[in-house]
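**Q** Any chance you can model this:
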Amino acid sequence: MTAADNSRALIDMGEVRKSYNLGLPSEAEVLHGVSLQVQRGEFIALIGPSGSGKSTLLNIVGLLEGMTAGSYRLQGQEVYGLDDAALTLLRRSTLGFVFQFHHLLPAFTALENVTLPALMRGGHVSVKQREHARALLASVGLANAMDKRPAELSGGMQQRVAIARALVMEPALVLADEPTGNLDTASSDEVFVQLRRMHVELGTTFVVVTHDPRLAARCDRLVELIDGRIARDEAVTHAPAG
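**A** Residues are numbered from 1 along each chain as shown. Model (predicted):
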């Protein structure tokens, strides 16, 4: 990848290191100089054994924790040195998240859960935002479940609500940490199909942490972490389109 390509990258990380318990006898470095570039519109699987640093790397990409050393530019903006307010603003304007556990609010309906990011950002939900949320729920097959609460939905349906919630503010990048890890095989396939379809329809960039080799093989690019280092970074030429 050329320097010019790097300058246009959505994510441009150089020699990122992350240590915990700095200055203590228990200090441990879990990321050892990770460099990663992600272009707009990519659909990437981040894989590796337990303890390899996948979730730590995803948390740094998602501005949920800082790095110990290195550089990280998100949409061309250097992250290092930004204060908490600036990081929060960048996170809300750029990123969407889907986790293994959907974290839906049990007292809210599916529609209210999807509009929650708009409520948190602006203090209210506009008519346009509510209609966008309805359209997203319909697009993931939940047109008839908008007024249902999480307890009335299956695990796969709840995760589809979480996908709609992650997309409602039209982020440039969605980070998904084991989004199918709590689901059976059929529900996992169903959720993954929705992720891929939204990627194709909206052009959103996805970075998906998964332990499931079946799902990783259906992504467009594979990045493998082993012991805090990138051991493999390659295109998955045989991935189907959805």
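**Q** from here on, contacts and neighbour counts on C-alpha atoms
**A** Noted.
**Q** give me the element Glu201 is part of.
**A** In the assignment (DSSP states H and E), Glu201 maps to helix 185-202.
**Q** Buried residues of that helix, list them for me.
**A** Buried positions in helix 185-202, judged by neighbour count with 16 or more other C-alpha atoms under 10 Å: 187-200.
**Q** So what touches it?
**A** Here helix 185-202 makes contact (C-alpha atoms under 8 Å, 6 or more residues apart in numbering) with 41, 43, 140, 155-156, 159-160, 163, 180-181, 204-206, 215, 241-242.
**Q** Buried subset of the residues you listed as a ChimeraX selection?
**A** A single ChimeraX command selects the buried members of these (16+ other C-alpha under 10 Å):
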select :41,43,140,155,156,159,160,163,180,181,204,205,206,215
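**Q** Show me what the most centrally placed residue in the chain is bridged to.
**A** The centre of the chain sits closest to Leu175, judged by C-alpha atoms, centre = their mean, with a distance of 0.6 Å. Beta-bridge partners for Leu175, by DSSP bridges, are Phe97, Val207.
**Q** Please name the residues that touch it.
**A** Per C-alpha under 8 Å, 6+ apart, neighbours of Leu175: Leu58, Gly62, Leu95, Gly96, Phe97, Val98, Phe206, Val207, Val208.
**Q** same thing but 7 Å
**A** If you count contacts by C-alpha atoms under 7 Å, 6 or more residues apart in numbering, Leu175 has them with Gly96, Phe97, Val98, Phe206, Val207, Val208.
**Q** Which residue is the nearest non-sequential neighbour of Ala166?
**A** Nearest in space to Ala166, with sequence neighbours left out and distances taken as C-alpha to C-alpha, 6 or more residues apart in numbering, is Gly96 at 4.5 Å.
**Q** Which element is encountered next along the chain beyond the helix or strand of the chain with the lowest mean pLDDT?
**A** Averaged element by element with mean pLDDT, DSSP states H and E, the chain has its least confident helix or strand at helix 3-7 (a mean of 44). Using DSSP H and E, the helix or strand that follows helix 3-7 in sequence is strand 11-20.
**Q** Now that next one: buried residues?
**A** Within strand 11-20, the residues that count as buried by 16+ other C-alpha under 10 Å are Ile11, Asp12, Met13, Gly14, Val16, Arg17, Lys18, Ser19.
**Q** quick one, strands of the protein?
**A** 11-20, 28-38, 43-47, 69-74, 77-78, 95-99, 173-177, 205-209, 221-226, 229-235 (DSSP state E).
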